[in-house]
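Engineer: below are the sequence and a predicted model; questions follow.
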Amino acid sequence: MLLVPGTAALADGMFGPPQTLSRKSGGLNTAVAYRYAEDTFRHDADYVIRQNQVYSQAAYGAGDIWEVYGRIGISDLRISGAFVSTDAATSTTKTDFAENWKFFGTLGAKAFLPLGKIFGIGAFVQGTYHMSNYTDNVAGVHNGTPFETDLKIKNLWDVHGGIGLQATVPWNIKLYAGPYVYYSEADAVLTPTVPGILFGAENVSVHNKSIAGGFFGIDVPLAKGFRLNIEGQFADRFSVGSAVTYTY
């Protein structure tokens, strides 16, 4: 398999095997999945972003060639060091941002070209938008005066596109890997601003540190119609997920 270093992206869900899972004559497949994701966002400094994502997917395709899919899911959001103060006169009760489950939606499409009975190559594109704001507050003291402020992460979205190589081995197990490019962005707003707390203080957009990464995975048949997909995305940080699919 091919592994291309880059950065682990906050893609909301896995990319999956390049070959479509729908019946060749055309049809629907569905999935339920869980994914743990990490990435690095940049705003004056680097901040590690972590998410736990649970989602369901519905997809339709045909001919082992094309497939379109949609997802709806929920995700939490953790930002390490978001409330760290660079001002000695400002102290906070905590350093990390944390917000629990909010809804997101994803739309995507993939195409696959077989290169014989074993190998094939495919391409995909998908985009995600988080429908709700992530909000957390922090209290502290500045120059002896207590304060409380809210940090809001709004309009979190991403878009991904990539190419995958696939090998089908005995028992119809699919191994796949490939590179992708992506962009992710959100608005960070700190209200009111506090001297020393930089993340969101200027009401600016934050975005991913890098633009490329690599993914790899395995797709294994289970009982009739069911398959298990396990996938990782890796570079400076590692993300991993698993999904159970059913083809109708």
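Structural biologist: Thanks, I have the structure now.
Engineer: which residues in this protein form helices?
Structural biologist: With DSSP state H, there are no helices along the chain.
Engineer: which one's the longest strand in it?
Structural biologist: strand 145-169 (DSSP state E).
Engineer: tell me the buried residues in that strand?
Structural biologist: Judged by neighbour count (16 or more other CB atoms under 10 Å), strand 145-169 contains these buried residues: 147, 149, 151-154, 156, 158-160, 162, 164-166, 168. (Each C-beta comes from the backbone N, C-alpha and C, glycine too.)
Engineer: which residues does the lowest-mean-pLDDT helix or strand in the chain contact?
Structural biologist: Least confident element among the helices and strands of the chain, by mean pLDDT, DSSP states H and E: strand 204-208 (a mean of 86). Strand 204-208 is contacted from outside by 7, 9-10, 39-43, 47, 158, 182-188, 199, using CB atoms under 8 Å, 6 or more residues apart in numbering.
Engineer: how about a cut-off of 10 Å?
Structural biologist: Outside strand 204-208, the residues that touch it by CB atoms under 10 Å, 6 or more residues apart in numbering are 7-10, 39-44, 47, 49, 79, 153-156, 158, 182-189, 199-200.
Engineer: buried ones in it, by neighbour count?
Structural biologist: 206, 208.
Engineer: how far out from the middle of the chain is that strand?
Structural biologist: Centroid separation between strand 204-208 and its chain, computed with CA atoms, centre = their mean, to the nearest Å, is 16 Å.
Engineer: next: stretch 73-89.
Structural biologist: With CA atoms, centre = their mean, you get 18 Å for stretch 73-89.
Engineer: got the buried residues for that stretch?
Structural biologist: 73, 75, 77-80, 82-85.
Engineer: show me the residues you listed that map onto strands.
Structural biologist: Counting by DSSP E, the buried residues of stretch 73-89 place 73, 75, 77-79 in strands.
Engineer: which one of those is nearest residue 108?
Structural biologist: residue 73 (13.0 Å; CB to CB).
Engineer: ok, back up a step: the longest strand of the chain pairs with which strands?
Structural biologist: Strand pairing for strand 145-169, using DSSP bridges, gives strand 119-130 (antiparallel), strand 134-142 (antiparallel), strand 173-191 (antiparallel).
Engineer: low-confidence stretches in this structure?
Structural biologist: By pLDDT under 70, the weakly predicted segments of the chain are 1-12.
Engineer: quick one, which residue of it lies the farthest from its center?
Structural biologist: residue 144 (40.8 Å; CA atoms, centre = their mean).
Engineer: ok, now which ones touch that residue?
Structural biologist: residue 89.
Engineer: does residue 130 touch residue 104 like I think?
Structural biologist: Yes: at 4.5 Å, residue 130 counts as touching residue 104 under the criterion of CB atoms under 10 Å.
Engineer: residues bridging contact with the two, i.e. touching both?
Structural biologist: With CB under 10 Å, 6+ apart, residue 130 and residue 104 have common neighbours 12, 51, 73, 75, 156-158.
Engineer: now render these as JSON lines, adding distance to residue 134.
Structural biologist: Listed next are the shared contacts of residue 130 and residue 104 as JSON lines, based on distance: CB to CB, whole Å:
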{"residue": "12", "distance to residue 134": "13"}
{"residue": "51", "distance to residue 134": "10"}
{"residue": "73", "distance to residue 134": "14"}
{"residue": "75", "distance to residue 134": "9"}
{"residue": "156", "distance to residue 134": "7"}
{"residue": "157", "distance to residue 134": "13"}
{"residue": "158", "distance to residue 134": "14"}
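Engineer: from the residues you listed, which is closest to residue 242?
Structural biologist: Among the shared contacts of residue 130 and residue 104, and counting by CB to CB, the member closest to residue 242 is residue 73, at 14.0 Å.
Engineer: now render the strands paired with strand 145-169 as CSV, adding mean neighbour count.
Structural biologist: Output for the strands paired with strand 145-169, formatted as CSV (neighbours: other CB atoms under 10 Å):
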stretch, mean neighbour count
strand 119-130, 19
strand 134-142, 17
strand 173-191, 19
